[in-house]
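Below is the sequence, then the predicted model.
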Amino acid sequence: MLRLEFPNISHKDSYERLIKEWGKFEKTPSSPSKLFVWKDFEDFLERVISDITHNEKWVNSHLFFLIDDSEILGWIQIRHHINHPNLIELGGHIWYGIAPKYRKKWYATVMLQLGLEEAKKLWLKKVLLTCDIGNIWSNKVIQKNGWVFERKTNDWAKNRYWIEIKK
């Protein structure tokens, strides 16, 4: 059964497999860059925990893994607000990625649905999502989750969508 889990030490082996496989697929992994920038899993965990309340550079956020059995299929980050110049225009409240071998199987659609439930727990009433205009699959995922198209950005070639979170 698919579920979101906050990263913990039990995910270490799956995380290390995910990073290795994703790194083979993308020379410069941009999709889950937050997953790749730390020296090891423990360092990653420490940062994820501090992002909830102590993020100095960006905004506070929660990161979750999409889990099936004990395997990580992807990740989703939910920002508590978008009061930051980059996020209000380009980033939005939610950022997600599915590991390459699990793409095009509708996992991202389910993960975003579960992520919206987590956003509701953070008292968010509506969330902004952006994605590259050319990323057909991500646009479809957003559209299957109650989107309202706002506009295309001129400078960054992104679509901006709002999703109202149901009570």
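Happy to help now that I have it. Bear in mind that the values here come from a model prediction, so they are computed numbers and not experimental data.

C-alpha only now, for contacts and for neighbours.
Will do.

pLDDT weak spots in this protein?
Low-confidence segments of the chain, defined by pLDDT under 70, span residues 26-38, 53-57.

Could you rerun that using 80?
22-39, 50-58, 85-86, 88-90, 145-146, 148-156, 167 (pLDDT under 80).

Let me see the ranges of the strands in it.
Per DSSP state E, the chain carries strands over the ranges 3-5, 61-68, 71-79, 94-98, 126-132, 147-152, 158-164.

got the ones you listed as CSV, with distance to Ser14 and mean neighbour count columns?
What follows is the strands of the chain, written out as CSV (distance: least, CA to CA, whole Å; neighbours: other CA atoms under 10 Å):
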stretch, distance to Ser14, mean neighbour count
strand 3-5, 13, 16
strand 61-68, 10, 22
strand 71-79, 6, 23
strand 94-98, 14, 22
strand 126-132, 27, 22
strand 147-152, 32, 15
strand 158-164, 31, 20
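
Ok, which of these comes nearest Gly115?
strand 71-79 (6.9 Å; CA to CA).

For the closest one, which strands pair with it and how are they oriented?
Counting by DSSP bridges, the strands paired with strand 71-79 are strand 61-68 (antiparallel), strand 94-98 (antiparallel).

mind putting those strands in a markdown table, distance to Lys20 included?
A markdown table is the format used below for the strands paired with strand 71-79 (distance: least, CA to CA, whole Å):
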| stretch | distance to Lys20 |
| --- | --- |
| strand 61-68 | 16 |
| strand 94-98 | 14 |
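
wait, what's in contact with the closest residue in space to Met111 that isn't next to it in sequence?
Once flanking residues are discounted, Met111 sits nearest to Leu66: 6.4 Å by CA to CA, 6 or more residues apart in numbering. When contacts are counted by CA atoms under 8 Å, 6 or more residues apart in numbering, Leu66 touches Leu2, Arg3, Leu4, Glu5, Ile72, Leu73, Gly74, Trp75, Ile76, Met111.

if we can go back for a sec, closest one to Tyr15 among the strands paired with strand 71-79?
Closest to Tyr15 of the strands paired with strand 71-79, according to CA to CA: strand 61-68, at 9.4 Å.

so how far is that closest one off the chain centroid?
Distance, stretch centre to chain centre, for strand 61-68: 8 Å (CA atoms, centre = their mean, to the nearest Å).

Pull it out as CSV, backbone CA atoms only.
Once non-C-alpha atoms are left out, strand 61-68 reads as follows in CSV (Å, rounded to 0.1, in the frame of the first residue of the first chain):
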residue,chain,number,x,y,z
SER,A,61,9.2,22.5,5.0
HIS,A,62,8.3,18.9,5.5
LEU,A,63,9.8,16.2,3.2
PHE,A,64,8.2,12.8,2.9
PHE,A,65,9.1,9.6,1.0
LEU,A,66,6.5,7.8,-1.0
ILE,A,67,6.9,4.2,0.2
ASP,A,68,5.6,0.9,-1.1
